[in-house]
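[1] Test case, fold it:
(3 chains)
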Amino acid sequence: MWRRGERLYALLVFLVVALEALALGGLVWVFSGRLLGVFDYPTARLHLLRALLLTALALVVLGAYVLVYHAYTALKEARDKALYERYLSAFTEALFSGTEPPPPPWPEPALEALLHLRETLKGEMGEKVARWLRRGRPPWAFRLKSRWASRPERLEALEALGLARLPETLEAILPYLEHRDPVLRLAAARAAARAAQGKGVLHLGEALLKAGLPKGALLEVLLLLEDRAEPVVALFLEKGGRGEVWAALEAIGRLHLHGLAERVLPLLEAEDPEVQAAALRALARLGYPPVGYEDVVLGLLRREEEFLRVHAARLLPLLPQNLARRALWEALKDPSFYVRRAAAEALASLDLELLRKAAEAHPDPYGRAMAAQVLLEVAWNS
Amino acid sequence: MRVLLVEDDPVVAQVLEMALTRAGHQVHLAKDFPTAKARLAEPWDAIVLDLNLPGGFGLDLLRHLRQDLGRATPVIILSGLKQERTILEGMRLGAQDYLTKPFSPGELVLRLERYVAQR
Amino acid sequence: MELLAWLLYGYQVLVLYYFAVLNFLYATFALFGLRMVARYARELSELSLKDLLEREAYLPVSILVPTYNEEKTIAASVRSFLALRYPEFEVIVVCDGPRDRTLEVLKEAFRLVRVDWVFKRALPTKPIRGVYRSLTYPNLLVVDKENGGKADALNAGLNFARYPLFCGVDADSLLDPEALLRASRLFLEDERVLAVGGTIRPLNGARVREGIVEELRLPRGFLEKMQIIEYARAFFMGRAGWSAMNALLIISGAFGLFRRSEAMKVGGYRTDTVGEDMELVVRLHRRAREEGRDYRVLYTPDPICYTEVPADWATLRRQRNRWHRGLWEVLWLHRAMLFNPRYGRLGLLAMPYFFLFEALGPVVEVLGYLLLPVFYLLGVFNAEFALLFLLLALGYGILLSQLAIGMETLLLKRYPRLRDRVALLFLSLLEVLGYRQVLALERFIATFQVLRKRGQWGEMRRKGLGG
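    From the prediction side, this is the model:
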């Protein structure tokens, strides 16, 4: 949402501010001096005039720069836009008619058009765009490897490579997963997730284990991998720390990786309640009954942590029916509003009749109220 | 056939327009929610619907088409949204198909033609 | 007599010191702000936002819309909220006992049906009269309650909210469609984040079609144009600067995203102050520091929220009066933090700044003007000197405004016409010739009204979205 190229502006601002600070400092000095009788009136006046002139100069220069910048960027952008649209139609035309696109070298807006096409298309057309991208010899991988590229350039290059999804660029991206700068690490993780294919995915997994990304970011990366995620998720479960295991569990649930469902079960007994909750959520999303761990789940219903009880309640419908019914009936008595709600919603999906009975005859008044509420919502949503 | 294309992304719009025009169809483009809603009233043979539109959500357009206008026009949803909830909601509201981006234009056109032929 | 002259001169030097420190701080903010905005522009990837939207890695948000008498604009506003680009969110409109047809308008526009909703009364509020759901929008909830003020309405909304993040907005806020994405992304990327504030920009004059801002144009009114410059200064330099120092005290009520659990833990909004938005943020800071937690309260510079600003003097002055009283009330409520090293940069930098320069600033300024005739009468008035000094002070003011306008030029969604740019630059000259002074006077008066008018709001004559 911001334009590039404000380095000159920043420099100008810094200069202006520095000069004004000096002028102001000078004034303070002189005026204090005058108070103590050191300086006389003409000196003070001179300094004041100087500061005033400096300010006026700064105003004029700054104002002029802003106007010139505005005009220049407006023109440049109009030109780039025209170029972009021209090349976009040329490329699209070439794609559909099977002809060759205009020959490289291509200006930056043209590469941008290709990236957008690559993002939009899959299959044969997508591959053709990829071939053209390679032919255009884009500077991104080169910039990543260079020592002199600036941070914004690197970020731009990473984003472009993420859009390009060219598997051979992975080797340029992966080193950034160990970069000092967390923003670059995150950008690299995202780009790598999009670009990695085949064996590259495993390399990415190994690199992620060392990258130290926050768990939200790890999950995002796994989701970006889509149907390539399974080996990395398995790797996280096996060798990952707390964040990686959490992200792996979330990914199993959201990506429906049934093949790994079995490995979720032992994590129901993990030490970290967040991991336990993630395991509960994963099983619920998969619809995978926790065979052999029923008592563990029931035990989680009695835990102190409210969120554990909530997620355990949500998993109950996957337990053997009688066990589930009894446990949910009990859970309606829970002191926590959210647990009661989760129990009522779970009961609604398991046995609506029992929920109706609970709305009328449950011993706990809050349980009754919640059951009635959920019944209403069910009727509403159908 | 007359196809209404509801899509705000100019790249996707251009690709689809070309694909559909080359297949011999008449394509009309609506770039945002209010325009699309207005044009839904016209007779269409098929609709390609994006979900993330400026000014509204595509599924509301589908709801408007099926429930308020009562039309059974074949609709293919083409969206970047991959959440299961959204896909299920779209199918529940009566879309014939839900394709995600990136997509293959040839495949989309074939599917669209098939749904229209089935009517 | 010599002594008196010397003393008065000494006072002038003090004022100079005050002025120098203030401008030095402004300059620091300008630099911090510019740096932060430039860095952020680099860091934010459009692609990452798209991915956030398209996949399941997001945090659902409850949008709380407190409303009073807004029958003319509420339907369009709520529709614009419902059209936001976000995978999962709910909109909770809290009607704070409106005396006009706000509730009826909502009922019609969204086909509301009354329901008996069970909710957790975690925060005390005025009684709820009714709860309504929409037949057409499943994620819309409307709560009708007895009048209790904006903070009370927000607390009521919080009681109904069920998502981990909540977003407090004004009923007339027009959010950028990607506002939630951009702001909530910060929560996902850093678990320490407690609250995020966005940029507010005046909507007046913009071409709006069905809730979409199509083009920004300068409004015709002089006051509205002035406020464009003011808001640019306040956000791109002020808030950006404080956020870069992790000492952001203000998140505007027009758009702010918070972790609901944190806000509930500190007890929600306070209902006995008109600065409830700032008060909540200060309280969040305070609690987190007292507990020794590592936390963040951030500002995100992407233009995110448009709001209608007052177009007439009366409403504008009432608004500024209220803001200033709110500031004093918050400073008073949290006076224990002032100059207190226990609160780190907040206690030693941010709070003192707001006290000495924001709250007391108008007092110093107005006193400065008032003392000029006094000096004249005492025969110690040096016209040339006073004039030069005044020019210098005004010059600095203009410089800051120009810096802010320069920043605005860097935005993608800037005022596109070159002649608007020229107009803005010239208007920054006019700002210091009357506009500033009138508002300084109003805030000066507000300072003395704080005790009398505790917690009182005013009304705003509404022009309507797109008007």
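[2] Residue ranges in the chain under the pLDDT threshold?
    Just so you know, I chose chain A. Residue ranges of chain A with pLDDT under 70: A:1-6, A:382.
[3] hmm, I had chain C in mind actually
    Under the criterion pLDDT under 70, the flagged ranges of chain C are C:1, C:38, C:40-47, C:52-53, C:55-56, C:303, C:380-381, C:453-467.
[4] 50 - rerun?
    Residue ranges of chain C with pLDDT under 50: C:458-467.
[5] Now do residue 65: how many residues are near it, please.
    Just so you know, I chose chain A. By the criterion of other C-beta atoms under 10 Å in any protein chain shown, A:Tyr65 has 18 neighbours. C-betas here are computed from N, CA, C, even on glycine.
[6] ah, no, chain C please
    C:Val65 has 27 neighbours, counted by other C-beta under 10 Å.
[7] ok, and the closest non-adjacent residue to the most centrally placed residue in chain C?
    Centroid check for chain C by C-alpha atoms, centre = their mean gives C:Ser252 as the closest residue, at 3.0 Å. Residue nearest to C:Ser252 in three dimensions, not counting chain neighbours: C:Ile200, with 5.2 Å by C-beta to C-beta, 6 or more residues apart in numbering or on different chains.
[8] I figured that neighbour hits C:Cys305, correct?
    Yes. Counting by C-beta atoms under 8 Å, C:Cys305 is a contact partner of C:Ile200 at 5.0 Å.
[9] name the element the residue nearest to C:Ser252 belongs to?
    Assigned by DSSP states H and E, C:Ile200 belongs to strand C:193-202.
[10] got it, and C:Val143?
    Assigned by DSSP H and E, C:Val143 belongs to strand C:140-145.
[11] For that strand, which outside residues touch it?
    Under the contact criterion C-beta atoms under 8 Å, 6 or more residues apart in numbering or on different chains, strand C:140-145 has outside partners C:78, C:82, C:90-97, C:103, C:106, C:110, C:112, C:117, C:125-134, C:152-153, C:156-157, C:160.
[12] before we move on, back to that, what residues are up against the residue nearest to C:Ser252?
    For C:Ile200, the contacting residues are C:Tyr231, C:Phe235, C:Ser252, C:Ala254, C:Phe255, C:Ile304, C:Cys305, C:Tyr306, C:Thr307, by C-beta under 8 Å, 6+ apart.
[13] can you tell me how far it sits from chain A?
    Distance, C:Ile200 to chain A, using C-beta to the nearest C-beta, to the nearest Å: 15 Å.
[14] related to what we said a few turns ago, out of the contacts of strand C:140-145, which are buried?
    Among the contacts of strand C:140-145, those classed as buried by 16 or more other C-beta atoms under 10 Å in any protein chain shown are C:78, C:82, C:90-97, C:103, C:106, C:110, C:112, C:117, C:125-126, C:128, C:131-134, C:152-153, C:156-157, C:160.
[15] tally of neighbours for A:Arg135?
    For A:Arg135, the tally of surrounding residues (other C-beta under 10 Å) stands at 13.
[16] Chain B against chain C: which residues are in contact?
    B:32-34, B:52, B:54-57, B:63, B:80-83, B:85-86 (C-beta under 8 Å from any C-beta of the partner chain).
[17] thinking again about what came up before, with secondary structure added, can I get the contacts of C:Ile200 in JSON lines?
    What follows is these, written out as JSON lines (DSSP: H, G, I helix; E, B strand; the rest coil):
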{"residue": "C:Tyr231", "secondary structure": "helix"}
{"residue": "C:Phe235", "secondary structure": "helix"}
{"residue": "C:Ser252", "secondary structure": "coil"}
{"residue": "C:Ala254", "secondary structure": "coil"}
{"residue": "C:Phe255", "secondary structure": "strand"}
{"residue": "C:Ile304", "secondary structure": "strand"}
{"residue": "C:Cys305", "secondary structure": "strand"}
{"residue": "C:Tyr306", "secondary structure": "strand"}
{"residue": "C:Thr307", "secondary structure": "strand"}
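[18] circling back to that earlier point, what pairs with the strand holding C:Val143, parallel or antiparallel?
    Partner strands and pairing direction for strand C:140-145 (DSSP bridges) are strand C:89-96 (parallel), strand C:128-134 (antiparallel).
[19] which residues make contact with the last one from outside it?
    The list of residues contacting strand C:128-134 from outside it, by C-beta under 8 Å, 6+ apart, reads A:380, C:97, C:106-107, C:110-117, C:119, C:140-146, C:156, C:160.
[20] about what we covered before: can you give me the buried ones in the strand holding C:Val143?
    Buried, per 16+ other C-beta under 10 Å, within strand C:140-145: C:Leu140, C:Leu141, C:Val142, C:Val143, C:Asp144, C:Lys145.
[21] try stretch A:114-126
    Residues A:Leu114, A:Leu115, A:His116, A:Leu117, A:Arg118, A:Glu119, A:Thr120, A:Leu121, A:Lys122, A:Met125, A:Gly126 are the ones in stretch A:114-126 that count as buried (16+ other C-beta under 10 Å).
[22] Distance to chain C and secondary structure added to those, as JSON lines?
    Putting the buried residues of stretch A:114-126 into JSON lines (distance: C-beta to the nearest C-beta, whole Å; DSSP: H, G, I helix; E, B strand; the rest coil) gives the following:
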{"residue": "A:Leu114", "distance to chain C": "15", "secondary structure": "helix"}
{"residue": "A:Leu115", "distance to chain C": "10", "secondary structure": "helix"}
{"residue": "A:His116", "distance to chain C": "11", "secondary structure": "helix"}
{"residue": "A:Leu117", "distance to chain C": "15", "secondary structure": "helix"}
{"residue": "A:Arg118", "distance to chain C": "12", "secondary structure": "helix"}
{"residue": "A:Glu119", "distance to chain C": "8", "secondary structure": "helix"}
{"residue": "A:Thr120", "distance to chain C": "12", "secondary structure": "helix"}
{"residue": "A:Leu121", "distance to chain C": "16", "secondary structure": "strand"}
{"residue": "A:Lys122", "distance to chain C": "15", "secondary structure": "coil"}
{"residue": "A:Met125", "distance to chain C": "20", "secondary structure": "helix"}
{"residue": "A:Gly126", "distance to chain C": "17", "secondary structure": "helix"}
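[23] Dump those residues into a markdown table; add distance to A:Pro290 as well.
    Output for those, formatted as a markdown table (distance: C-beta to C-beta, whole Å):
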| residue | distance to A:Pro290 |
| --- | --- |
| A:Leu114 | 49 |
| A:Leu115 | 45 |
| A:His116 | 45 |
| A:Leu117 | 46 |
| A:Arg118 | 42 |
| A:Glu119 | 40 |
| A:Thr120 | 42 |
| A:Leu121 | 42 |
| A:Lys122 | 37 |
| A:Met125 | 45 |
| A:Gly126 | 41 |
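[24] Can you narrow those down to the ones near chain B?
    A:His116, A:Leu117, A:Glu119, A:Thr120, A:Leu121, A:Lys122, A:Met125, A:Gly126.
[25] Is the helix or strand harbouring C:Leu403 in proximity to chain A?
    Assigned by DSSP H and E, C:Leu403 belongs to helix C:383-409. Yes. Helix C:383-409 comes into contact with chain A (C-beta under 8 Å from any C-beta), by way of C:384-385, C:388-389, C:391-392, C:395-396, C:398-399, C:402-403, C:405-406, C:409.
[26] which one of those is nearest chain B?
    The nearest member of these to chain B, counting by C-beta to the nearest C-beta, is C:Thr409 at 24.5 Å.
[27] wait, isn't that closest one in contact with A:Gly63?
    No. Counting by C-beta under 8 Å, C:Thr409 stays clear of A:Gly63, with 11.0 Å between them.
[28] Could you list every helix and strand in contact with the lengthiest helix in chain A?
    Secondary structure of chain A read by DSSP state H shows that its longest helix is helix A:41-97. Packing partners of helix A:41-97 (3 or more C-beta pairs under 8 Å, 6 or more residues apart in numbering or on different chains; DSSP states H and E): helix A:7-35, helix A:108-120, helix A:123-135, helix B:10-22, helix C:383-409, helix C:418-430.
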